[in-house]
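pasting the sequence and the predicted model now:
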Amino acid sequence: MALREFGEDLAFGWLERRFGPGRPVPSWLWNLLDETFLWVAGGQLLLALGVRPESVRRLFVLQDALEEARSLTDGTPYEIPRLEGIETFADLEEFEDRMAVLEELQLDDEELARLVPAQTAARWAEECLPVVLDLVLEALDSLRARRIRTELVGIDHRAARAVL
């Protein structure tokens, strides 16, 4: 078991033992289950990493694409779950299970075309990829400018620059 998985199991195991699977999620954990809070926190983290505010403001493009994807998948087996419905630890585990199913999902071209029209997919790629690539490049450049070795967290800066 990887160290990260061990830490997650330890933390959630402690929470579950402390509060039980059917008990409500504690109020201090609700902020982490609020998607608006997470978008703002992600933006603040990027700002702290030295990404320009103009680039961080473009996160709304990704948020809009996620909401559109959710609207397209509502009522299908591929529905993208929301964090807002989580009230108990059992709900949190169900959310994790649904996300794991989506991660392992392999759609063939026909299923994907039925789910997301080609024009929508092309628009998402055209709008979202530049945002993500700019954010990654700016964050990497900022880390390198501060002489923070990205290799320590598993990112080879030169290889990432070459790929991007």
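Arrived safely, thanks for sending.

okay, and the helix or strand of the chain with the least pLDDT?
helix 3-19 (a mean of 58; mean pLDDT, DSSP states H and E).

from R147, how far out is L46?
According to CB to CB, to the nearest Å, L46 stands 19 Å off from R147. Bear in mind the C-beta positions are built from the backbone N, C-alpha and C, glycine included.

more neighbours, those two?
The neighbour count for L46 versus R147, taken as other CB atoms under 10 Å, is higher for L46 (19 against 6).

with adjacent residues omitted, what lies nearest to that one?
Nearest-residue entry for L46: V56, 4.9 Å, with adjacent residues in sequence omitted and distances by CB to CB, 6 or more residues apart in numbering.

that neighbour is in what secondary structure piece?
For V56, the host element (DSSP states H and E) is helix 53-57.

regarding P81, what is its secondary structure?
coil (DSSP: H, G, I helix; E, B strand; the rest coil).

ok, it to D97 distance?
10 Å.

more neighbours: those two, which one.
P81 (18 against 11).

contacts only, for that one.
P81 sits next to F95, R98, M99 when contact means CB atoms under 8 Å, 6 or more residues apart in numbering.

so which elements touch the helix ranked longest in the chain?
Counting residues, the longest helix found in the chain (DSSP state H) is helix 118-145. Contact here means 3 or more CB pairs under 8 Å, 6 or more residues apart in numbering; DSSP states H and E; on that basis helix 118-145 packs against helix 53-57, helix 59-73, helix 157-163.

okay, these in JSON lines with distance to V25 next?
Formatted as JSON lines, these follow (distance: least, CB to CB, whole Å):
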{"stretch": "helix 53-57", "distance to V25": "29"}
{"stretch": "helix 59-73", "distance to V25": "22"}
{"stretch": "helix 157-163", "distance to V25": "36"}
